Structures are given as C-alpha cells and as structure tokens.
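Asker: Quick check, what structure comes out for this input:
(chains A and B)
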There are 2 protein chains.
Amino acid sequence: MTKKPEILKGVFAAALTPINEDLSPNYKNHAAHCQWLLDNGCDGLAVLGTTGEANSYSVPEKIAIMENLVANGIPAEVLMPGVGCCAIADTVELTKKAVELGASGVLMLPPFYYKGVPDDGLYAAYSETIERVADDRLRVYLYHIPPVSQTPISYDLIERLLKAYPDTVVGMKDSSGDLENMTGAARKFPGFAVFTGGDQLTLGLMKAGGVGCITAVCNIAPHWLKELYEGWDGDKGLELQDRMAQLREIIISFPQIQALRAVKARQTGDDSWRESRPPLVTLDLAKSQELYKKLDDFGFSMPDQTLAAAQ
Amino acid sequence: MTKKPEILKGVFAAALTPINEDLSPNYKNHAAHCQWLLDNGCDGLAVLGTTGEANSYSVPEKIAIMENLVANGIPAEVLMPGVGCCAIADTVELTKKAVELGASGVLMLPPFYYKGVPDDGLYAAYSETIERVADDRLRVYLYHIPPVSQTPISYDLIERLLKAYPDTVVGMKDSSGDLENMTGAARKFPGFAVFTGGDQLTLGLMKAGGVGCITAVCNIAPHWLKELYEGWDGDKGLELQDRMAQLREIIISFPQIQALRAVKARQTGDDSWRESRPPLVTLDLAKSQELYKKLDDFGFSMPDQTLAAAQ
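Answerer: All right, here's what the predicted structure looks like:
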C-alpha cells in the first residue's frame, strides 16, 4: 500500500479504553464504543491518548488494542493512535504498527520522564523516531499537553520539525488549555493542522484557522461536537460552543476520565465500563449518581448505543 | 533458589548507562564502569534509575542491560535495578526478570504519566504489581523523586504498603531533596530502609537512622561517598559531608547526567562516554572543559579505571 493519507480534520474522540475485570482491554466494548462515536458525529478516533490511558498499557498491549479495533471493523483510516512513549524504541514500534495498519496519522507525545529538557533534545527524539520509522505514509501530529506531560512543544520546535520533515510532521493536538497558544500556532504555520484538546476552545480555534477538536468529552457528546464543528461560524455558533463548555464544566468537576466511564456505564448498562486501570481510581457510585443528576438537570442526553452497532 | 535477600544499605551508585554511536547500550563499558564502582567504594548498584536513563529504554532493552551486566561478571546480588514504568505490565515484567537474575532489591517508581493521582491509585498500582510478581524473594524499594516523576510517595502510602506487604516493601530512595521528608520517614517507620538521593544530605539522614545513599555523583566519587558513609559519625564527618556537597554543587551547575558522562569520558579516554540518548543532550566540549577546570581547581581526582577491571 502506498496511498498517502489525507491531512485530518474535524471532530475526533480521545477515545476511552474499556477493560475487563482482570484489567485487560475489553476489545468488544472498545470497538462498539468507537463505532458508536463514528455513527454519531466523529470524523476520527484518537485512540490510546491520555483519555485512553495509553501509558498505562505496555507496547504489546497497545499493539493488540490497535489490531483488535481494526479486526472488529473500525476502519484504520479514521485512526490517529497515540504512540509517544518515553523510549524511542517504543515510539518507533507503535508508530510502525499504526502505519502498517493503515492509520491516517499518529499522535506523538514527546518523551515525558525528564523535565526541563531543551528543544534540542526533543527535536533529536522526534527526528530519531521519524528516521527510524522511515515510511512516507507516516503523518505525525505533535501532542502538546503540558499539564500532564510537563513537556511543552514550543513554536521553535515545531518550526524546526516542519523544516526538516514538511511531509511528515503535519499537525498538532494542543491540550494546553491556552487558546492563545493554539491560535498562534494555527496562524504562524499555515497548512499545519491544529486541533484543540478543549471542547470549550473549539470555536475560538476554528476562527483562527484551526482544523478541529480532539477531546475527552467527545466520548459522550460526539453529536454535540459535530453540531458545533459544523455550525461554529453560523448564527448558533456561540450557543453551540456555550453548550459544550457547560457540559465540559460538569464533567471536569469530577475526575474526568472516570466520570466519562461512569456515563458510558449508564448508557450501555454495562458496569464494567466503570473500572479504571491503576493508577486511576474508579468513580464511586455516590459520585456517579451526583454526576448523573447534574447531567440530567442540564438536559444532556446521548444517542443510544447497542452492541449491534459493532457487529 | 529460595534465598531471601538481605535488606540493603550503604553506598549505591545510580549508575550511568553508556551507549554506542547507534544509541544502543554499550554493555562492555557498562560492566567495566559498574565493576570500577564496586572496586572503589560502592556497596551496590542502582542501575536503570533516573541517572541511568531507564525510561529512555524499552522493556526488552532494559532486560538486555540487566542480563548483560550479570553475564559480564557483575554479581546480581549487588543490584537494585529501576523497574517502575507507567504501565503495570511493564513493571511486572522487569521486576520478575530482576528477581530471577538474583537482584537483592528493585527500585520502583510509581506510574508517573498522570499527575495528581490519589494515594488510592498509587496503592492499587503497587499492590497489583506485587501480587502479579508473586515471589517471596521480591524486595521493593519505593522511589520518591517528585522533582522528576511529579508523583510523590506519601507517608500514608508507605504505611499502607508496609501493612499489606511487610516482607516485600522494605525501603525507599528519597530524591526529593527534602531532608525533613527522609529523616521523618526513617523515624516514623523503624526498620524501613531509607536511602537519600542527595550526596549533600547523607550525613543528615544517617543521623536520623537512614541506611545510606543512592546518588548520581557516586558515578565519579564512590571513594568519597564511602569515606563519608564510614566516617559520618566520626571527627571528620562534617568535613567529609562538606566535601561531597561541594563536589555535587560543581556537577549540578551543569546538566547533571551529561556532566557525569563527560567526567567518565575524561577518566577512561573513551569519547563514546559523552553521548546521551535523546531527549537528553550531550554536553558540548567547551562546557566539558569548563567542568574539568572546576573539578581540577577543587582538587578532585578519581581512582583509575582500566578495562581489565571488568574482565
């Protein structure tokens, strides 16, 4: 296969990874969830990101998760899997696998163990990774998420990477929560595909030339984000943005990933959705009830998900 | 083998990992360095820690590093390898391998990607790991290094782990730089083996009942740390401590790991010692010369290392 992937855009879910009682990934639930996301507004799936708890899985586990998604009917070309690890060898292995499977892009964290690493070091890590993957189908989306990785991706670093790998480094997910940083990047680097990681910043980024959003709350609200993405520059743009911002506020008043799992458990009637892999802690039932009440009071509802959707 | 390891104490080096031009580990240099450390004052070797750039190596690479050390003549019982990864499956695999090889202990980081994780989550991660390793030869030393991991290990967490796994969780390396935290732990948990990660805090911790130090600067000064460890409560205790503190000040006025590599390059005449794996950046020659001059002016010298030492 030598088809070159298109540059991605639109609404992407930072998809959750459901698990079984023994903490192994629940492939069937994962595929069913991803299919539901695609059926209800998502253009693509950023699986194995921060919300997907990628770093809580080993490389073989992550490869199995990608393979099973595709085996269970999720089209590889909608995938933008998270592949960035602390060790270059790991990032290379995951990236090669994602490209082989046919993913249109990969979301690449910088190495995140050492803090305060200079851009020279991050550049060397990205460069070494790209050279080792050595595949002209590779499309890298840089992952800027300083609140978690504590390893920011500066404009200088982007500029150097774009100069060295203009056909490979094609975009960024900006989860800094800093609208100015992401709009600045969209303006400074024309053609560079900037996604926001913040539901509440989608309209602001789109106005500045951004290409879409990749968010955690999308796991429960792909329909709302789709309406926002399609309607941001219309009469109802502000209203649609405000609605998403309010929904996000409810979710982040709880530990976010666990809250989203609890909402999926309620939607599907499958309690296994509640469980998180350590070190994340499952939301208890009292907190879950509190969350459900807030969502009901807000008038939030989700399209049904039936398991049939994945079959 | 059913021999139960002794609780460790004394001077441990957070050993550097030398590499080849292709960034692969240089096993021969690694073993020679480790042998030199043992010959010149080290009681043990905390390989694959922060200074050993463990997280820049994949699990198979880390296993090969441990196996090659033992194959090259380093006694397994002096080893306290770093094994803590973000993913439980990885930590379990490395820990099993370390125990199988005969390491007397392992140094275990908590999962470090997510920040602000509650103790319940860290407890669950350690507990799941220990249960999966399921080996009564396992001796875990917790790794408290908040400046890098951003994931502190609280007294509450230690207390819970000691209660659940009194024969397995036996100590801690405290690299917080906070003397009060480490002396507090040594006093609060009698029999719990607290090592300091700070050369300059060795005397203070020993006075409070600590058992030793595991440091980066030990890579170049095992002889000085040995004198300090053996003489801290004698007439020259303060003087020996002050000498180590001054040496450390010189080293940390440069990027620490890279500075230590430069000193090893000078000692051995082997320039490959200079190179770091990305994302760390090699110390340039001008900076290296500046470092050498500072060390010479201070009157620092190292025992010779000959390759024969490893053979």
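Asker: Quick one: mean pLDDT for stretch A:139-152?
Answerer: For stretch A:139-152, mean pLDDT is 98.
Asker: What distance separates the opening and closing residues of it?
Answerer: This stretch, stretch A:139-152, spans 20 Å end to end (Cα to Cα, to the nearest Å).
Asker: for it, which positions count as buried?
Answerer: A:139-146, A:148-152 (16 or more other Cβ atoms under 10 Å in any protein chain shown). C-beta here means a position set from N, CA and C on the backbone, and glycine is covered the same way.
Asker: Could you do stretch A:181-197 as well?
Answerer: Burial within stretch A:181-197, assessed by neighbour count using 16+ other Cβ under 10 Å, is assigned to A:181-183, A:185-186, A:189, A:192-197.
Asker: now the residues you listed as a markdown table including pLDDT, secondary structure and distance to B:Y57?
Answerer: Below are these laid out as a markdown table (pLDDT from 0 to 100; DSSP: H, G, I helix; E, B strand; the rest coil; distance: Cβ to Cβ, whole Å):
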| residue | pLDDT | secondary structure | distance to B:Y57 |
| --- | --- | --- | --- |
| A:N181 | 98 | helix | 32 |
| A:M182 | 98 | helix | 33 |
| A:T183 | 98 | helix | 38 |
| A:A185 | 98 | helix | 32 |
| A:A186 | 98 | helix | 36 |
| A:F189 | 98 | coil | 33 |
| A:F192 | 98 | coil | 32 |
| A:A193 | 98 | strand | 32 |
| A:V194 | 98 | strand | 32 |
| A:F195 | 98 | strand | 31 |
| A:T196 | 98 | strand | 34 |
| A:G197 | 98 | coil | 29 |
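Asker: can you name the two of those residues that are farthest apart?
Answerer: A:F189 and A:G197 (17.5 Å; Cβ to Cβ).
Asker: mind checking which helix or strand the nearest residue to A:S104 once chain neighbours are set aside is in?
Answerer: Of all residues not flanking A:S104 in the chain, A:P5 sits nearest, at 3.9 Å (Cβ to Cβ, 6 or more residues apart in numbering or on different chains). For A:P5, there is no enclosing helix or strand under DSSP states H and E.
Asker: So which of the buried residues of stretch A:139-152 sit within helices?
Answerer: Of the positions in the buried residues of stretch A:139-152, A:146, A:148-149 sit in helices, assigned by DSSP state H.
Asker: Dump the buried residues of stretch A:181-197 into CSV; add distance to chain B as well.
Answerer: Output for the buried residues of stretch A:181-197, formatted as CSV (distance: Cβ to the nearest Cβ, whole Å):
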residue, distance to chain B
A:N181, 19
A:M182, 21
A:T183, 26
A:A185, 21
A:A186, 26
A:F189, 22
A:F192, 22
A:A193, 24
A:V194, 23
A:F195, 20
A:T196, 20
A:G197, 15
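Asker: near chain B, from the ones in helices among the buried residues of stretch A:139-152?
Answerer: A:148-149 (Cβ under 8 Å from any Cβ of the partner chain).
Asker: between the ones in helices among the buried residues of stretch A:139-152, which is nearest chain B?
Answerer: Among those, A:V148 lies closest to chain B (Cβ to the nearest Cβ), at 6.0 Å.
Asker: Quick check, that closest one in contact with B:G116.
Answerer: No - at 9.5 Å, A:V148 does not count as touching B:G116 under the criterion of Cβ atoms under 8 Å.
Asker: Give the burial count for the nearest residue to A:E93 once chain neighbours are set aside, as a bare number.
Answerer: Nearest residue to A:E93, sequence neighbours excluded (Cβ to Cβ, 6+ apart): A:V59, at 5.7 Å. Close neighbours of A:V59, defined as other Cβ atoms under 10 Å in any protein chain shown, add up to 22.
Asker: Verify the stated contact: A:V59 with B:E61.
Answerer: No - the pair A:V59 / B:E61 is not scored as a contact, 11.5 Å apart, by Cβ under 8 Å.
Asker: for stretch A:221-231, what is the average pLDDT?
Answerer: Mean predicted confidence for stretch A:221-231 is 98.
Asker: which other residues reach it?
Answerer: A:10-11, A:13, A:36-37, A:40-42, A:199, A:202-203, A:206, A:212-213, A:215, A:217-218, A:237, A:240-241, A:243-244, A:247, A:300, A:302-303 (Cβ atoms under 8 Å, 6 or more residues apart in numbering or on different chains).
Asker: Just the terminal-to-terminal distance for stretch A:190-205.
Answerer: Span of stretch A:190-205 from end to end, Cα to Cα: 14 Å.
Asker: residue ranges for the strands of the stretch 201-311 of chain A, please.
Answerer: All strands of the stretch 201-311 of chain A, identified by DSSP state E, counting those that start in this stretch, fall at A:212-215.
Asker: give me the low-pLDDT residue ranges for it?
Answerer: A:306-311 (pLDDT under 70).
Asker: ok, which stretches of it are helices?
Answerer: A:202-207, A:222-231, A:237-252, A:256-268, A:285-298 (DSSP state H, counting those that start in this stretch).
Asker: Next, see if the last one gets close to chain B.
Answerer: Right, helix A:285-298. No - using Cβ under 8 Å from any Cβ, helix A:285-298 stays clear of chain B, with a minimum separation of 12.8 Å.
Asker: What's the end-to-end length of stretch A:208-221?
Answerer: Across stretch A:208-221, first to last residue, Cα to Cα, it's 24 Å.
Asker: Tell me the buried residues in that stretch?
Answerer: For stretch A:208-221, by 16+ other Cβ under 10 Å, it's A:209-221.
Asker: before we move on, what about stretch A:130-139?
Answerer: Result for stretch A:130-139 [16+ other Cβ under 10 Å]: buried residues A:130, A:132-133, A:137-139.
Asker: now, which of those sits nearest chain B?
Answerer: Proximity of these to chain B was ranked by Cβ to the nearest Cβ; the top entry is A:R132 with 9.9 Å.
Asker: ok, and what's touching the helix or strand containing that closest one?
Answerer: Using DSSP H and E, A:R132 falls within helix A:119-133. For helix A:119-133, contacts defined as Cβ under 8 Å, 6+ apart pick out A:88, A:91-92, A:95-96, A:99, A:108, A:110-111, A:114, A:138, A:140, A:142, A:151, A:153-154, A:156-157, A:160-161, A:164-165, A:168-169, B:23, B:278-281.
Asker: what residues does chain A put near chain B?
Answerer: Checking chain A against chain B by Cβ under 8 Å from any Cβ, the hits are A:23, A:50, A:55-61, A:86-90, A:93, A:110-115, A:117-118, A:120-122, A:124-125, A:128, A:147-150, A:277-281.
Asker: Repeat the analysis, applying 6 Å as the threshold.
Answerer: A:55-58, A:86-87, A:89-90, A:111, A:113, A:117-118, A:120-122, A:124-125, A:128, A:278-281 (Cβ under 6 Å from any Cβ of the partner chain).
Asker: Would you list the buried entries among these?
Answerer: A:55-58, A:86-87, A:89-90, A:111, A:113, A:117, A:121-122, A:124-125, A:128, A:278-281.
Asker: Give the single residue among the buried residues of stretch A:208-221 positioned nearest to B:G177.
Answerer: Looking across the buried residues of stretch A:208-221 and measuring by Cβ to Cβ, the closest to B:G177 is A:A216, at 34.2 Å.
Asker: So the nearest residue to the closest one once chain neighbours are set aside: helix, strand or coil?
Answerer: Counting by Cβ to Cβ, 6+ apart, A:T51 is the residue found nearest to A:A216 once chain neighbours are left out, at 4.1 Å. Following DSSP: H, G, I helix; E, B strand; the rest coil, we place A:T51 in the coil state.
Asker: For A:T51, give me phi and psi.
Answerer: With angles defined as degrees, to the nearest 10, A:T51 sits at phi -70, psi -30.
Asker: again with A:P25
Answerer: phi -60, psi 140.
Asker: who are the neighbours in contact with it?
Answerer: A:17, A:19, A:65 (Cβ atoms under 6 Å, 6 or more residues apart in numbering or on different chains).
Asker: ranking these by neighbours, who comes first?
Answerer: Among those, A:T17 has more neighbours than the rest - 26 neighbours, counting by other Cβ under 10 Å.
Asker: what residues are up against it?
Answerer: A:25, A:52-53.
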